[in-house]
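[1] This is a predicted model, with the sequence first.
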Amino acid sequence: MACCSAVLLELAGRHPLLRDNLAAQGTDHSRLVLDARRLLFASPLDLTAAAATAHTHAAAGAHAALLLPESPDVTAYMQRMDLLKAMPPGTRVEGSVPDETRTDRSTTLLEVAALRPDTADAVSQALGRVATLHLGPRDGRRVFKGIGELIDNAISHGASTSGAFIAAQAYSGKTTGYRRLEIAVCDTGIGVLTHLRRNPAHSRVTTSAEALERAVEPGVSGTRDTRGNGLPDLLAGTSDTAATRLVLRSGDGLLRAGRLRRAAVTRAISTTVPVQGTWSWLRVSYRS
C-alpha cells in the first residue's frame, strides 16, 4: 500500500509510543496509515493510542488503514484486546487475522473500550476487579483510586466527538517476579495546555511540556475549583513498596514521572510530533 503522502504512524519494536518522538510522517491528512507490521509487543498504550488516532482522523473525514503485525502472536493479542472492533467503521485492515476461540479473561484484561460518561461506571468496575485480584485488596484499591483521576480527566476535559479509549493488562509476576498492572487512557480532547490555560492562574503557560509539569503538581487545575491533587496523589498513593511509572503525552509535550519507594522523579520535554488530546500510560509493579 502506497503511503508516502498519507499520514503514517509506525508502530515498531517494543513500546514504540513510549519513546521521546513518534515515528510519524506524511502530509495527506485525508488518509491515515497505522503501520504495525514490525511491532514486536503490543501494550495497552499502543492499542488505545491507535484507536484514538484513527477516530481523530476519521472525525475529520480521513480514511484509515491498519497494517497488522507480521508476528501472529502480536496480531492475535490485538484481536483479543478488541482493537479491530474499536477502529472506526470503514477502516481497512491489511494482514492475516487469525481464527479466535475466545475465553473469559475478565480477571486479567480490560479490552479496548470507549470511555464516555455512560460507560465510565462499567469500565471502572471491570478495572477495579482486575486491580484488586492481582494487586491484593489494599494495594488494588489504592492504585484504582489513582486511576480514577485518569478516567475522570478523559471524560471531563478530554471529552470530544471522537471519544476516549481505555485498556488494561495485569501480569501475575510468575516470570518477572513482579505483580504488575498496566493501564492506558487516550483521549482526543483539547489537551492539557488548553485546559490548564482556562484557569487565569496558569494563563502564562506557553508549552505543552510546561503544562504537563504543572499538571502533576499538587493543587494545579484548569478550573478555579479546589481540586487538582489527582495526579500527584496517583504517584504518591500507590504505597512505599510499589514501583510506579506514569507517562503523559499531550500536544508536543511528553512527561515521564516515576516513583520507587519514597523517591520520585519527573521530567518533561517537547517533542517533534504532536498528538491531539492526551495519552496516559501507567504501570504499577509490586514484588511478588
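    Alright, I've got the coordinates.

[2] ok, Leu193 - contacts?
    Neighbouring residues of Leu193 by CB atoms under 8 Å, 6 or more residues apart in numbering: 205, 207-208, 211, 250-251, 253. The way it works is simple: take the backbone N, C-alpha and C, and place the C-beta from them, glycine included.

[3] Excluding sequence neighbours, find me the nearest residue to Tyr178.
    Ser285 (4.3 Å; CB to CB, 6 or more residues apart in numbering).

[4] which stretches of this structure have low pLDDT?
    1-5, 157-159, 219-241, 260-264, 288 (pLDDT under 70).

[5] remind me, longest helix of it?
    In the chain, taking DSSP state H as the definition, the longest helix is helix 137-155.

[6] And that one, what's buried?
    Residues 139-140, 142-151, 153-155 are the ones in helix 137-155 that count as buried (16 or more other CB atoms under 10 Å).

[7] how much does the helix or strand following that helix deviate in direction from helix 137-155?
    Per DSSP states H and E, helix 137-155 leads on to strand 164-171 as the next helix or strand towards the C-terminus. Angle, strand 164-171 to helix 137-155, by axes from the mean of the first three to the mean of the last three CA atoms, to 10 degrees: 160 degrees.

[8] What is strand 164-171 packed up against?
    helix 44-59, strand 109-115, helix 120-135, helix 137-155, strand 178-187 (3 or more CB pairs under 8 Å, 6 or more residues apart in numbering; DSSP states H and E).

[9] Please repeat the previous calculation with a cut-off of 10 Å.
    Judged by 3 or more CB pairs under 10 Å, 6 or more residues apart in numbering; DSSP states H and E, strand 164-171 is in contact with helix 44-59, helix 83-86, strand 109-115, helix 120-135, helix 137-155, strand 178-187, strand 263-287.

[10] a markdown table for the ones you listed, including distance to Leu9?
    Formatted as a markdown table, those follow (distance: least, CB to CB, whole Å):
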| stretch | distance to Leu9 |
| --- | --- |
| helix 44-59 | 6 |
| helix 83-86 | 14 |
| strand 109-115 | 17 |
| helix 120-135 | 25 |
| helix 137-155 | 20 |
| strand 178-187 | 13 |
| strand 263-287 | 9 |
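
[11] Tell me which of the ones you listed lies nearest to Val74.
    With CB to CB as the criterion, Val74 lies closest to helix 44-59 of the helices and strands packed on strand 164-171, at 9.5 Å.

[12] May I see the buried residues of whichever helix or strand comes after the closest one?
    Downstream of helix 44-59, the first helix or strand assigned by DSSP H and E is strand 63-67. Buried residues in strand 63-67, counted by 16+ other CB under 10 Å: 64-67.

[13] Pick the one among those closest to Ala257.
    Leu66 (30.5 Å).

[14] for the buried residues of helix 137-155, which one is nearest Thr107?
    Using CB to CB, these come closest to Thr107 at Gly140, 12.0 Å.

[15] what's the longest helix of the chain packed up against?
    Going by 3+ CB pairs under 10 Å, 6+ apart, helix 137-155 lies up against strand 109-115, helix 120-135, strand 164-171, strand 178-187, helix 230-236, strand 243-260, strand 263-287.
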